[in-house]
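got a predicted structure plus its sequence, pasted below:
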Amino acid sequence: MTLSAEVVVRRGDFVLDAGLVVGAGEVLALLGPNGSGKSTFLGALAGLVPVTAGSVSVNERALTRMSAGERMSVPPHARRVGLLGQEPLLFPHLSAMHNVAFGVRAGHGRRVAADRLAEQWLADVGLAGFEERRPAELSGGQQQRVAIARALAAEPDLLLLDEPMASLDVEAASSIRTLLRERLSSTRTTTVLVTHDVVDVVVLADRVVTLERGRIADSGSASDVLGRPVNGFAASLAGLNLLAGRVTGRGLVAVANGHIFAGSGDLPPVGSEAWVAFPRSAVTVREPGAEPNPAVENSWVGTVAALEPAAGGIRIVLAGDEVIAEVPSSQVLARRLGSGSAVSLHVEPEFVTVYPRHGQAQDATDWKRASD
């Protein structure tokens, strides 16, 4: 089933104006910072958020048409659109089997057949033998498995996933990702996935779209969107520093604060704008005066503004600098770094990617916590 959507939603001062086409059986990851319009977009697709203008159709079946000459919206229960969010939202008084069967029976399935199908789906999601348990008798991960079975057992034309792993622990989230990948692949269910977790993108997504202030900012494969980002959120999600600069006559890129970078990639012509991207973990931090020399490219001096927890170490936020470094905690302890410490920084050219700049950069520090 192919999704085609062009929607405008006005909610106070916020305006969502974006379009998506998702191919049959494709899993599209919809990314963006909080407030960018991701959940609003899902709500519009599900019929839960009123659309000001535009249209939504699945396999050429019109679900929404809002124009000067037509105002039509299929109610949520009749859309054949499944929505799975952070919370399972199971019926507490029903068993696991009857929770799954509910969606099938809502589609006018017979009770006996619905119960049999529910038993099969519970087995498919690893919950054989749990049919008679109520939600209170299940763990959070088990409840989410029941919710997945309920959503897919109803055979939706379109499945919407709104951060379904966000409330789970690491082990349960990994298990649910694997389950979703297997089930979505076998059912060929067209899916839109909203997430803040790069692992969800890597494991599940065929394609990525980023939203920014209600508009599409970028679209492409995960390797393109996250490997060569064009906005601070995508860069942060991928663990990259992203700087906007201009190519100099020496074949280098000059960015804000006087930093000069050399790197690899398709360097644009001299005088043109370019992106400079490199991993936060590739930034080495030393005491002032230690090599490398801050007078040469890819090296500079800075002042520590804050230390924050990061995966595998500590994030060093620099005062008045867009660059963020992520280093092992042992390095911070050995150098006794703290707020106000002066440091010398360097990144090897082999870790720096340079590519043409299309559009305007957003200050990467705006998104520095987005991938936490």
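Okay, I see it.

quick check: neighbours of the helix or strand bottoming out on mean pLDDT in the chain in the sheet, parallel or antiparallel?
Counting by mean pLDDT, DSSP states H and E, the chain has its least confident helix or strand at strand 264-265, which shows a mean of 80. Here strand 264-265 has these sheet partners by DSSP bridges: strand 353-356 (parallel).

which residues are in contact with stretch 332-348?
Applying C-beta atoms under 8 Å, 6 or more residues apart in numbering, the contact partners of stretch 332-348 are 261, 278, 282-290, 292, 294, 298-307, 313-314, 316, 318, 323, 325. (C-beta placed from N, C-alpha, C; glycine too.)

and the residues you listed, which of them are in strands?
Among the contacts of stretch 332-348, the residues falling in strands (DSSP state E) are 261, 278, 284-286, 299-307, 313-314, 316, 318, 325.

of the residues you listed, buried ones?
Burial by neighbour count, 16 or more other C-beta atoms under 10 Å: within the ones in strands among the contacts of stretch 332-348 this picks out 261, 278, 284-286, 299-300, 302, 304, 307, 313-314, 316, 318, 325.

pull the most distant pair out of the residues you listed.
Taking C-beta to C-beta, the two most distant members of these are Phe261 and Leu307; they sit 24.7 Å apart.

can you pull out the strands in the stretch 51-200 of the chain?
53-58, 61-66, 71-73, 81-84, 158-162, 191-194 (DSSP state E, counting those that start in this stretch).

in TSV, list those strands along with distance to Ala234, mean neighbour count and mean pLDDT.
Listed next are the strands of the stretch 51-200 of the chain as TSV, based on distance: least, C-beta to C-beta, whole Å; neighbours: other C-beta atoms under 10 Å; pLDDT from 0 to 100:
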stretch	distance to Ala234	mean neighbour count	mean pLDDT
strand 53-58	25	20	97
strand 61-66	28	18	96
strand 71-73	32	12	95
strand 81-84	24	23	93
strand 158-162	19	24	96
strand 191-194	14	25	97
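
okay, who's weakest in the buried ones among the ones in strands among the contacts of stretch 332-348 by pLDDT?
Lowest-confidence member of those: Arg286, scoring 81 (pLDDT).

show me the contacts for that one.
Residues counted as contacts of Arg286 (C-beta under 8 Å, 6+ apart) are Arg335, Val343, Ser344, Leu345, His346.

buried ones among these?
Val343, Ser344, Leu345, His346.

who are the contact partners of Ala217?
Gly32, Thr210, Leu211, Val230, Asn231, Ala234, Gly359.

any idea how far Leu16 is from it?
For Ala217, the distance to Leu16 equals 13 Å [C-beta to C-beta, to the nearest Å].

and the gap between the closest residue to Gly265 other than its chain neighbours and Leu158?
Computed as C-beta to C-beta, 6 or more residues apart in numbering, the closest residue to Gly265 that is not its neighbour in sequence is Val354, at 4.2 Å. Applying C-beta to C-beta, the value for Val354 to Leu158 is 39 Å.

could you do Val285 as well?
47 Å.

any regions of the stretch 51-200 of the chain where pLDDT drops low?
Scanning the stretch 51-200 of the chain for pLDDT under 70 picks out 107-109.

that one: helices as residue ranges?
Under the criterion DSSP state H, counting those that start in this stretch, the stretch 51-200 of the chain contains helices at 96-106, 111-124, 140-153, 170-187, 198-204.

what's opposite Leu161 in the beta bridge?
Here Leu161 sits in beta bridges with Leu84, Leu193, as judged by DSSP bridges.

repeat that for Arg207.
Counting by DSSP bridges, Arg207 is bridged to Leu28.

report the contact partners of it.
Counted by C-beta under 8 Å, 6+ apart, Arg207 has contacts Glu26, Val27, Leu28, Ala29, Ser219, Gly220, Ser221, Ala222.

narrow the residues you listed to those that are buried.
Glu26, Val27, Leu28, Ala29, Ala222.

format the residues you listed as JSON lines; extra columns: distance to Ala149 and pLDDT.
Converted to JSON lines, those look like this (distance: C-beta to C-beta, whole Å; pLDDT from 0 to 100):
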{"residue": "Glu26", "distance to Ala149": "22", "pLDDT": "97"}
{"residue": "Val27", "distance to Ala149": "18", "pLDDT": "97"}
{"residue": "Leu28", "distance to Ala149": "22", "pLDDT": "97"}
{"residue": "Ala29", "distance to Ala149": "22", "pLDDT": "97"}
{"residue": "Ala222", "distance to Ala149": "27", "pLDDT": "93"}
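
surely Arg111 is in contact with Val104?
No - checked against C-beta atoms under 8 Å, the pair Arg111 and Val104 is beyond contact range at 9.3 Å.

have a look at those two and say which one is more surrounded.
Ranked by neighbour count (other C-beta atoms under 10 Å), Arg111 and Val104 place Val104 first, with 22 against 11.

give the contact list for that one.
Counting by C-beta under 8 Å, 6+ apart, Val104 touches Ala113, Ala114, Leu117, Ala118, Ala153, Ala154.

without its sequence neighbours, what residue ends up closest to it?
Excluding the flanking residues, the one nearest Val104 by C-beta to C-beta, 6+ apart is Ala114, at 4.0 Å.

how close does Ala235 sit to Leu138?
For Ala235, the distance to Leu138 - C-beta to C-beta - is 38 Å.

ok, Gly263 next?
To Leu138, Gly263 is 50 Å away according to C-beta to C-beta.

same question for Glu119.
Between Glu119 and Leu138 the computed distance is 16 Å (C-beta to C-beta).

ditto for Pro279
For Pro279 relative to Leu138 (C-beta to C-beta), the value is 39 Å.

then Gly232?
39 Å.

higher neighbour count, the two?
Neighbour count, other C-beta under 10 Å: between Gly232 and Leu138, Gly232 has more, with 23 against 18.

if I look at the more buried one, how far off is Ser36?
Following C-beta to C-beta, the distance that separates Gly232 from Ser36 is 12 Å.
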